[in-house]
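>>> Let me see the structure of the following:
(chains A and B)
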Number of protein chains: 2
Amino acid sequence: MLISPAPLPPRSQRVSSAKPSPVRDLLALTRRPEVISFAGGLPAPELFDLDGIREAYDVVLGQPSSLQYSMSEGDPALRAEVAAGYTIDGLPTEASDLLVTTGSQQALGLLATALLDPGDVIFVEDPCYLAALQTFALAGARAIAVPFAEDQLDFDALERLLAVHTPKFFYTVPTFQNPTGRTYTPESRARLAQLAIRHGFRIIEDEPYRQLRYSGDPVASMATLAPDHVICLGSFSKVIAPGLRLGWVRTTPDIHPAVVIAKQAADLHTSTIDQGAAAHYLASGRGRTALGHITRAYAARRDAMLDGLAEALPDGSTWNQPDGGMFVWARLPDGYDATPALTRALDHDVAFVPGAPFFAESADERSLRLSFTTYEPARIREGLQRLGAALQAG
Amino acid sequence: MLISPAPLPPRSQRVSSAKPSPVRDLLALTRRPEVISFAGGLPAPELFDLDGIREAYDVVLGQPSSLQYSMSEGDPALRAEVAAGYTIDGLPTEASDLLVTTGSQQALGLLATALLDPGDVIFVEDPCYLAALQTFALAGARAIAVPFAEDQLDFDALERLLAVHTPKFFYTVPTFQNPTGRTYTPESRARLAQLAIRHGFRIIEDEPYRQLRYSGDPVASMATLAPDHVICLGSFSKVIAPGLRLGWVRTTPDIHPAVVIAKQAADLHTSTIDQGAAAHYLASGRGRTALGHITRAYAARRDAMLDGLAEALPDGSTWNQPDGGMFVWARLPDGYDATPALTRALDHDVAFVPGAPFFAESADERSLRLSFTTYEPARIREGLQRLGAALQAG
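Numbering: from 1, shown residues only, chains lettered A, B, ... in the order given. This is a model prediction of the structure:
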């Protein structure tokens, strides 16, 4: 039988306007083993508590129930561990306030489903965590970028934007931000929380790096200041390991049922096995010990990075001094552009990420992000020497 | 400082119009241990190959790389195992055609992102797998229900609808469907594939139950008939265990990059650990042995269900004879309604799912779904006796 074919329907408009993450594409280029890459945001695998994690899986896999379907909200024991952490940190939390997600990234998608219709306005930081921008764009949101003034949010700019728009939410990584390593002061948090209450927008407080603090005092969640407005995200990717793909969202009661519906539609629930193993691991107390090892090691790596930057970067460069997290944000002097500088760096077997792709509006072509968690201090020093040679060669 | 609060923004319109899955709500009610529940779609936990799966995790967790971030497309070894399975089944497939998803459910969301903009028309079966309807509704799709004529798709109705609409895709579970247990004949598959080519719509062929065949001959994927039009979904939930949350999508080349973008935005990637363990488990050959145990046990359970239905259901009831899967679809005689019948059944400590919620358009109130996989034959007979007593009491 002869049939005359019709053309296939196109892909969706929303996905056609999205691009694959440029950082992920770049990571592929920097994967040559001889490259010292400050580009990725990878935790150091030698610091994973492999024995403790393996033992947790072994215990959990002794029960057939860990292989069965489970509830969309997540493992109750794992949620209880997370709730206890918040409560100790000064934010009283019940397991029923929480929902386990397949990595913190999934929480962004669930909140987009629960809160956003196409065309809705949201506010984001400029620069901003890239994968969040992509998720919100796929939901059809219109993201408006709020700049920083030095190391803090530019509140004058924010107030001017609030005179024109009422966003559904403001998305922020207020503690050791990706890409900048910046941390909001208590005053900035209080001011943002007050604006949320006064103008009636939500705050998505994304804190995957919160527990990676090497200096300075912990700062309370904005949810202590505006409990009805602040939705908190967290992740086990940096403190246990990213391969488990475990994160969580602490919802406000008014949106909790909507987030559960979004989770059911997204993947029914997160891996029963990974959740059970994480709950067992945390309850064993090994997580606290492992986090101590991780933060001590990362503190030394941050110091090695900060100590070496003056030699590595051209005179007139600037950079910040993050109290934690994984990233230092630097700015090359007038006349430099970080993207061609990366090509020269790769010629010297060292890599970083240019800052420009992280900006939604006017990109700072002189900015760059350096990750300090992947290597031991000696290797960081070696990488910075290569970087210095590359940038001088330019 | 006194601030006058503004109201919080509402939840999204799309989530406000969605309802939590009524089947999941019902499952909560049937969880009393004394209830014999034919309601759920749960695999039998005593048939999980706990030792083999535990060993696979133990091997995989000997490598720190199984705890690290990995690629959005999924574990190459796991995709190679799935590709080999398709190729052996007569559908030549490369690992690069596949993308691992966090359960087959996630594939529905990724395809919605890759293919659908709000307002787009799609076709679904009536009745249809519920969680698919919910996912497509959250993407803003307009789902048009195509009825069945007896046990096959009503092609006259489909052609009438195609005269009016060109759907982005037709979503089907053509093998041992949920909820009906129905399987498309080779003739139905050929006819649907030809219509897709002639009218220019895609087919999403969702086959989580494909490997659970107890009688009859395997039927080739529609992708062998319309390779540019058919997107295949599969799942390890029924053949290894659902707790791993592992499924996959076999894309067509034109949409592969869009599905990768959707996956990055959804959760970056699926659990490295679960993927690695599944790949090791399948490569060990234990998966084939375990699937043999599962299908033999389920075949006996299906037979026990089919043998007992004549006694359990009122005279004039009808039901089908599925060659595989997990479900029998039954219809009570004139004058009966399955929803009040469930209340009577629960009084007798037995449960099923009324069919009505699975229909997008005019619901058949006399239909019901019975799952036969959860219990051994003796317990199934006991449950059917209770069901008979309940329905006679009504």
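>>> Between helix B:103-115 and whatever helix or strand A:Gln106 lives in, find me the angle.
Using DSSP states H and E, the element containing A:Gln106 is helix A:103-115. With axes from the mean of the first three to the mean of the last three CA atoms, to 10 degrees applied, the angle from helix A:103-115 to helix B:103-115 works out at 60 degrees.
>>> after helix A:103-115, next one along is what?
Heading C-terminal from helix A:103-115 (DSSP H and E), you reach strand A:121-126.
>>> Can you tell me the strand partners of that following strand and which way each runs?
strand A:142-149 (parallel), strand A:169-172 (parallel) (DSSP bridges).
>>> so A:Thr339 touches A:Pro354, yeah?
Yes: the pair A:Thr339 / A:Pro354 is scored as a contact, 4.7 Å apart, by CB atoms under 8 Å. C-beta here means a position set from N, CA and C on the backbone, and glycine is covered the same way.
>>> Between these two, which contacts overlap?
A:Glu365 (CB atoms under 8 Å, 6 or more residues apart in numbering or on different chains).
>>> Look at those two and report which has more neighbours.
Shown here are A:Thr339 and A:Pro354; by other CB atoms under 10 Å in any protein chain shown, A:Pro354 has more neighbours (25 against 13).
>>> Out of the strands paired with strand A:121-126, which is the most enclosed?
strand A:169-172 (a mean of 26; mean count of other CB atoms under 10 Å in any protein chain shown).
>>> pull the CA atoms of that one into PDB?
This file holds the C-alpha atoms of strand A:169-172, laid out as PDB (Å, rounded to 0.1, in the frame of the first residue of the first chain):
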ATOM      1  CA  PHE A 169       9.600  34.600  42.800                       C
ATOM      2  CA  PHE A 170      13.100  35.800  43.300                       C
ATOM      3  CA  TYR A 171      15.600  32.900  42.800                       C
ATOM      4  CA  THR A 172      18.800  33.200  44.800                       C
END
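>>> How about residues contacting that strand?
With CB under 8 Å, 6+ apart, strand A:169-172 has contacts from A:111, A:115, A:122-125, A:128, A:132, A:136, A:146, A:153, A:184, A:192, A:196, A:201-206, A:231, B:9.
>>> Can you name the residue of the stretch 1-150 of chain A nearest chain B?
Nearest residue of the stretch 1-150 of chain A to chain B (CB to the nearest CB) works out as A:Ala6 at 3.0 Å.
>>> my bad, the stretch 101-250 of chain A
Relative to chain B, the nearest point of the stretch 101-250 of chain A is A:Gly200 (3.0 Å; CB to the nearest CB).
>>> Please name the nearest non-neighbouring residue to that residue.
Leaving aside its sequence neighbours, A:Gly200 sits nearest to B:Ala6 (CB to CB, 6 or more residues apart in numbering or on different chains; 3.0 Å).
>>> Give me every residue in the stretch 101-250 of chain A lying close to chain B.
By the rule CB under 8 Å from any CB of the partner chain, the part of the stretch 101-250 of chain A lying against chain B is A:101-103, A:105-106, A:108-109, A:113-118, A:120, A:131, A:134-135, A:138, A:140, A:166, A:168-169, A:194, A:197-202, A:228-229, A:237, A:241-245.
>>> Assumed the residue of the stretch 1-150 of chain A closest to chain B was part of a helix.
No: judged by DSSP: H, G, I helix; E, B strand; the rest coil, A:Ala6 forms no part of a helix; its state is coil.
>>> where does it fall, phi/psi-wise?
Per-residue torsions, A:Ala6: phi -100, psi 160 (degrees, to the nearest 10).
>>> I'd assumed A:Leu195 was in contact with the residue nearest to A:Gly200.
No: using CB under 8 Å, B:Ala6 is not in contact with A:Leu195, being 10.2 Å away.
>>> Looking at those two, which is more packed in?
The neighbour comparison of B:Ala6 against A:Leu195 (other CB under 10 Å) goes to A:Leu195, with 20 against 13.
>>> Could you give the secondary structure assignment for that one?
From three-state DSSP, the assignment for A:Leu195 is helix.
>>> Return the residues in contact with the residue of the stretch 251-394 of chain A found nearest chain B.
With CB to the nearest CB, the shortest gap between the stretch 251-394 of chain A and chain B falls at A:Thr272, namely 3.4 Å. A:Thr272 makes contact with A:Ser65, A:Ser66, A:Leu67, A:Gln68, A:Tyr69, A:Ser70, A:Asp75, B:Pro242, B:Gly243, B:Leu244, B:Arg245 under the criterion CB under 8 Å, 6+ apart.
>>> State whether the fourth one and B:Arg245 are indeed in contact, as I suppose.
Okay, so that is A:Gln68. No: using CB under 8 Å as the test, A:Gln68 is too far from B:Arg245 to be in contact (11.4 Å).
>>> in the stretch 201-350 of chain A, which spans are helices?
In the stretch 201-350 of chain A, the helices defined using DSSP state H, counting those that start in this stretch lie at A:256-267, A:272-283, A:286-312, A:338-347.
>>> May I have the phi/psi pair for A:Ser72?
In terms of degrees, to the nearest 10, the main-chain angles of A:Ser72 are phi -60, psi -30.
>>> Count the neighbours of it for me.
Applying other CB under 10 Å, we find 22 residues neighbouring A:Ser72.
>>> So it sits against A:Val260, correct?
Yes: counting by CB under 8 Å, A:Ser72 does reach A:Val260; the two are 5.6 Å apart.
>>> Give the residues shared as contacts by those two.
A:Leu99.
>>> Give me the below-cutoff pLDDT ranges for chain A.
Low-confidence segments of chain A (pLDDT under 70): A:1-3, A:19-29, A:393-394.
>>> quick revisit: verify the contact between the residue of the stretch 1-150 of chain A closest to chain B and B:Ala196 for me.
No: when contacts are counted by CB under 8 Å, A:Ala6 is not listed as touching B:Ala196 (9.1 Å).
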